[in-house]
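[1] coords please:
(one chain, ligands or ions: 1)
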Amino acid sequence: VRRVLAIDIGGTKIAAAVIDEHGGVERRARMATVDPAAVMPTRAADPGDALADRVAALAAEVVDGLAIEACGVGCGGPMRPGGATVSPLNIVAWRDYPLRDALADRLGLAVVVDNDAKVLALAEGWVGTAIDVSDYVAMVVSTGVGGGLVCDGRLLDGALGNAGHIGHLEAVADGRPCACGARGCLEAEVSGLAIAARTGHPAVDAPLAERVRAGTLVGVAVADVVNLLDLRRAVVGGSVALGFAAPFFAAAQAVLDRRCRLDYARGVRIVPSALGGDGGVIGAAALAWRSLGVPTGGGGRRLG
Ligand SMILES: [Zn+2]
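    Below is the predicted model of the structure:
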């Protein structure tokens, strides 16, 4: 069995797993993301390195003696190409932080880093709900809102590697301020943090109207992207979307049916991710396998 180490770094949790070349998860571990810069703004010698130390410790725990060929990492954006430096909006300790080299030093492995939502798109095309299509968007609606685009069977990178940042499409004209500096972004309106701020309760307790509103706003953004890029499917994961469940997805689908009217776009479906909590690490593993020249396309299909 060949194995890679996969790490998924989010604003609220960090997951590590050992994964084979077929996407099978052999071992997994996770921990809460405690952002040293948020907890003790000035006291840590280097809060960025302190967090990298914690990630490396989690990775060492999950590897524990297994032979590993490479390490793939999904991390919140924005970032420089290849994750040379990362500045995830939800992790204050990392601003232009050299994550790739920091982890390579600590793990003694070749490390590849990409945006967590782009990585999820790889997972959906490899073993998820998009294995039968070569044009799709994969999205996460959780603490933040992110996305990855696969067009013509290829994951889109963009000039600096940040293609697919669907969370910063405008959802509400002159709406809530967004961490990016603009107002009314999709992320500023429907992320878990935004819903908690809007309702005064955690997203898990959101009332039906809030679930429908989130689904509707996500549907508008997805419909725009479907129309723009001639996509066949939208796969949505993340704790908020999956927790909001049927009312969220029905509202989003209704918007797609209403707004995707041209022949090529008609009938596009927005569906929940079936990868559960493993989507991030499976995608990070896909990144590692691709760096080793092992294909991760689904159904024998090329995924460039
Ligand atoms: Zn924004």
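[2] name the SS class of the residue in the stretch 1-150 of the chain positioned nearest to the ion, please.
    Per CB to the ion, residue 89 is where the stretch 1-150 of the chain lies closest to the ion, at 8.5 Å. In this view, the C-beta of every residue, glycine as well, is placed from N, C-alpha and C. Under DSSP: H, G, I helix; E, B strand; the rest coil, the three-state class of residue 89 is coil.
[3] right, and it touches residue 146 too?
    No: between residue 89 and residue 146 there is no contact under CB atoms under 8 Å: 10.0 Å.
[4] wait, residue 21 touches residue 289, no?
    Yes: counting by CB under 8 Å, residue 21 does reach residue 289; the two are 6.0 Å apart.
[5] so these two - more neighbours on which side?
    Shown here are residue 21 and residue 289; by other CB atoms under 10 Å, residue 289 has more neighbours (26 against 17).
[6] picking that back up, what's around the residue of the stretch 1-150 of the chain closest to the ion, how many residues?
    17.
[7] check which helix or strand covers the nearest residue to it once chain neighbours are set aside.
    Counting by CB to CB, 6 or more residues apart in numbering, residue 179 is the residue found nearest to residue 89 once chain neighbours are left out, at 4.5 Å. If you go by DSSP states H and E, residue 179 is not part of any helix or strand.
[8] what does the model give residue 179 for pLDDT?
    Looking at residue 179, its pLDDT is 88.
[9] would you list every one of the helices in the stretch 51-200 of the chain?
    All helices of the stretch 51-200 of the chain, identified by DSSP state H, counting those that start in this stretch, fall at 99-107, 116-126, 186-190, 192-199.
[10] return the most buried member of the ones you listed.
    Among those, helix 116-126 has the highest mean neighbour count (mean count of other CB atoms under 10 Å), at a mean of 29.
[11] for that helix, packing partners?
    strand 3-9, strand 71-75, strand 136-141, strand 145-151, strand 154-155, helix 279-291 (3 or more CB pairs under 8 Å, 6 or more residues apart in numbering; DSSP states H and E).
[12] hmm, the residue nearest to residue 89 is touching residue 191, no?
    No: with contact defined as CB under 8 Å, residue 179 does not reach residue 191; the gap is 9.3 Å.
[13] ok, those two, which is more surrounded?
    Shown here are residue 179 and residue 191; by other CB under 10 Å, residue 191 has more neighbours (29 against 16).
[14] let me know the pLDDT of that one.
    For residue 191, the model assigns a pLDDT of 96.
[15] and it, what are its phi and psi?
    phi -70, psi 160 (degrees, to the nearest 10).
[16] wait, it sits on residue 140?
    No: using CB under 8 Å, residue 191 makes no contact with residue 140, being 9.7 Å away.
[17] for the stretch 151-300 of the chain, what lies in contact range of the ion?
    Residues of the stretch 151-300 of the chain lying close to the ion (CB under 5 Å from the ion) are 168, 178, 180, 182, 185.
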